[in-house]
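Trainee: Structure for the following, please:
(chains A and B)
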Amino acid sequence: MSALVELAALASSGDDTAARQLLAKVRPAMTRTIAAVLGPKHPEVEDVAQESMIGFLRALAAFRGDCHPAGYASRIALHTALRARRRAKVERMRSDTLARLTPRETTALPSEEAAGERCRTLMRDLLEDLPSEQAEALALRVVLGWSLEEVALATGAPVNTVRSRVRLAKEALRRRIEASPNLLDALGVTS
Amino acid sequence: MSVVDLHPEELLDKHARGTLSEAERARLEGHVSTCNVCRFELAARLHFRDLEDDEVPLAPPAATTVVPPRARRRRAWVIGLAAALVGGMSFAALELTTLNHAAAPETHATAAGVKRVTPVHPVVTSLPAPNLVVESTTAVVAPHVAAEHVANTLPARAKTASAPELFRAANAARRSDDTERAIGLYKELETRYPKSDEARVSYATVGSLLLDRGDPRSALDGFNHYLSRGDGALGEEALVGRALAFQRLGQHDAEVGAWQEILRRFPASVHARLAKSRLVELGQR
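Mentor: Predicted coordinates:
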């Protein structure tokens, strides 16, 4: 990790070669994060990746090396993807036509695959609507699998604050789950 | 489960890391058996991990791998992006976004015709999350190569250049560090096609270039113009650019307002730390 932190410092100081190498290292993690939040078939995945990488390079000046650069990049990607989802939601509300830009899976899927897609879709829709701090905490944990401590470190918030954000987000999640009895059945999640 | 129930987050973390003791496993299973939320969360974690395994490439294919057309386009896009970014870390790398792939033929040609630099050797890095292990063999291209190619694909400009063509030419000039020409082309784009998406992005791009060139006053005009047209994809970045422009102009009150606006509108912004730091330096709490 120290080598990547050094690379980040060089990139931040204007070293183009270091910036290229750093981007190559962190891009897969950023792409996975974006695809997880938007869905891999979302038409804006590539655009959001581009926007995220710009944001990452611009944010390097504030990077202090207290977490992994790819984790830092993933967090930026997460924010960018969440913003994109919220933008898309607003646009969907303005125009039914734009709703087609966020396609839902309509083809028949094997039941297990369909359940997975419904599960992910519910989570993505929830992330759109949560306050940003809660959305970030929940996404870092569920989508990226980070621990409480890792989320706290990345966001600069105390662990108990993160715990509180996650608890509030999960309360919203509980309401969504209970409002979708078919989803519970499909997932085998029974009351 | 009631509203006040707490979820065993530490046990969920240990479950994710595979470090649960038998007693902890029993506790977690007991909780999950009565908590739909945590049960759902465990399922969701698995489904998102499945997504990584099945649908999202963990690492780009090696340079010698034959890739299908769609994958090739995707890589071309990313390579172009990397070239754009390291060629100035500028907003204008968004050209492919804004142009909605209208520039596809040129873009593809750019990627196909470029000379690759030495590939980065495969590196495995340990990330905070165990499912985020990165293994990358990405090759990137020298920015000037892509820029030159894009520049060469531009037809005789003069009176016939479209907004996308002007935008591409401006970006190519920017990547080649020909800032003067780039700004000139962006300005021409703004004049000739003021309502185009390309022109809108160009305001933020020019602002960034002018800021880097040491002209914060003109940069401010660009950022303000961009922001005056409502929230765009670069809204947060333009706000940061505006705050930096105020800083360099010594307009501290305006700078305070700009940073505060960023924190208000984007409280979880990756620039929040910088914003807070500057506000402290400016005597704000």
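Trainee: which ones are touching residue 166?
Mentor: No chain in the question, so chain A it is. Residues near A:V166 by Cβ atoms under 8 Å, 6 or more residues apart in numbering or on different chains: A:Q134, A:A137, A:L138, A:R141, A:L148, A:V151, B:H7, B:E9. C-betas here are computed from N, CA, C, even on glycine.
Trainee: Correction: the question concerned chain B.
Mentor: For B:L166, the contacting residues are B:R157, B:L185, B:E188, B:L189, B:R192, B:Y193, B:E198, by Cβ under 8 Å, 6+ apart.
Trainee: how about 7 Å then?
Mentor: Applying Cβ atoms under 7 Å, 6 or more residues apart in numbering or on different chains to B:L166 gives the contacts B:L185, B:E188, B:L189.
Trainee: Can you give me the distance of B:L220 to B:E180?
Mentor: Counting by Cβ to Cβ, to the nearest Å, the gap from B:L220 to B:E180 is 20 Å.
Trainee: Which residue ranges of chain B form helices?
Mentor: Along chain B, counting by DSSP state H, helices occupy B:9-17, B:22-32, B:36-54, B:69-86, B:95-98, B:104-113, B:143-153, B:163-175, B:179-192, B:197-212, B:216-228, B:235-249, B:252-265, B:272-281.
Trainee: can I get those in JSON lines with mean pLDDT?
Mentor: Listed next are the helices of chain B as JSON lines, based on pLDDT from 0 to 100:
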{"stretch": "helix B:9-17", "mean pLDDT": "89"}
{"stretch": "helix B:22-32", "mean pLDDT": "89"}
{"stretch": "helix B:36-54", "mean pLDDT": "78"}
{"stretch": "helix B:69-86", "mean pLDDT": "37"}
{"stretch": "helix B:95-98", "mean pLDDT": "33"}
{"stretch": "helix B:104-113", "mean pLDDT": "30"}
{"stretch": "helix B:143-153", "mean pLDDT": "35"}
{"stretch": "helix B:163-175", "mean pLDDT": "79"}
{"stretch": "helix B:179-192", "mean pLDDT": "88"}
{"stretch": "helix B:197-212", "mean pLDDT": "83"}
{"stretch": "helix B:216-228", "mean pLDDT": "89"}
{"stretch": "helix B:235-249", "mean pLDDT": "88"}
{"stretch": "helix B:252-265", "mean pLDDT": "91"}
{"stretch": "helix B:272-281", "mean pLDDT": "86"}
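Trainee: rewinding a little: and chain A, which of the contacts of B:L166 reach it?
Mentor: With the criterion set as Cβ under 7 Å from any Cβ of the partner chain, no member of those is near chain A.
Trainee: I'd guess A:R167 is in a helix, am I close?
Mentor: Yes - looking at A:R167 with DSSP: H, G, I helix; E, B strand; the rest coil, it is inside a helix.
Trainee: hmm, back to that, B:L220 and B:E180: who's more crowded?
Mentor: Using other Cβ atoms under 10 Å in any protein chain shown as the criterion, B:L220 and B:E180 rank with B:L220 on top: 23 against 10.
Trainee: ok, back up a step: can I get the contacts of B:L166 in CSV including neighbour count and distance to B:L274?
Mentor: Formatted as CSV, those follow (neighbours: other Cβ atoms under 10 Å in any protein chain shown; distance: Cβ to Cβ, whole Å):
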residue, neighbour count, distance to B:L274
B:L185, 26, 31
B:E188, 17, 33
B:L189, 27, 30
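Trainee: Just give me the neighbour total for A:P69.
Mentor: 26.
Trainee: That one and B:F167, how far apart?
Mentor: Noted for A:P69: a distance of 31 Å to B:F167, by Cβ to Cβ.
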